[in-house]
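Asker: Everything below, folded, please.
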Amino acid sequence: MSPVRHEPLHNHSHLVDLVASAGVAPPDEWVRLRVRLKMFNSLGTECLSRLTDAVIAESSDVDIATLRAAAYAEQLANVKVDSAVQQAVLRQMVKAYAEKAIANYGEMAAIFDHAAAQFAACAKQVDVETDGAAMVEQSDKAA
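Answerer: Numbering: from 1, shown residues only. Purely as a prediction, here's the structure:
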């Protein structure tokens, strides 16, 4: 299991992923929000890329100082902009998930009940406290 991070969006997504791995899919709107956020996060830094290209190309028709200032501004703004977008997306993800949470609880309960029934059936056949290595060495007791 991964270490706990104190980032609400990451934590929320991680918990939704855990529930999904058990067989309960998140709401469609939640999935759409996640896809859009990933697209946003992959946009990169246009001014920094243009500045790098201009410096490498030694372009005389580009104002390097202006591009540099824009790249600095872009880098400073990125943290604030990214944080604001992520907080807004998180609010919408939580809202979208909340609309399906009660139904998901029922689905998870059914999955748990099924697993518990399978375990109970197994426990009737085998002493579940038996060491696994010892169990493998026992002869079959086919009925």
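
Asker: Give me the next element, helix or strand, following the helix ranked longest in the chain.
Answerer: When the chain is parsed with DSSP state H, its longest helix is helix 64-125. Downstream of helix 64-125, the first helix or strand assigned by DSSP states H and E is helix 132-137.

Asker: pLDDT of that following helix, averaged?
Answerer: Throughout helix 132-137, pLDDT has a mean value of 80.

Asker: And stretch 53-72, by the same measure?
Answerer: What stretch 53-72 shows for mean pLDDT is 86.

Asker: What about the residue nearest to Cys122 when sequence neighbours are not counted? Give its phi and psi, please.
Answerer: Excluding its sequence neighbours, the residue lying closest to Cys122 (C-beta to C-beta, 6 or more residues apart in numbering) is Val128, at 7.1 Å. In this view, the C-beta of every residue, glycine as well, is placed from N, C-alpha and C. The phi/psi pair for Val128 (degrees, to the nearest 10) reads phi -70, psi -10.

Asker: Show me which positions of the helix or strand containing Met39 end up buried.
Answerer: Using DSSP H and E, Met39 sits in helix 28-41. By 16 or more other C-beta atoms under 10 Å, the buried positions in helix 28-41 come out as 30, 33-34, 37.
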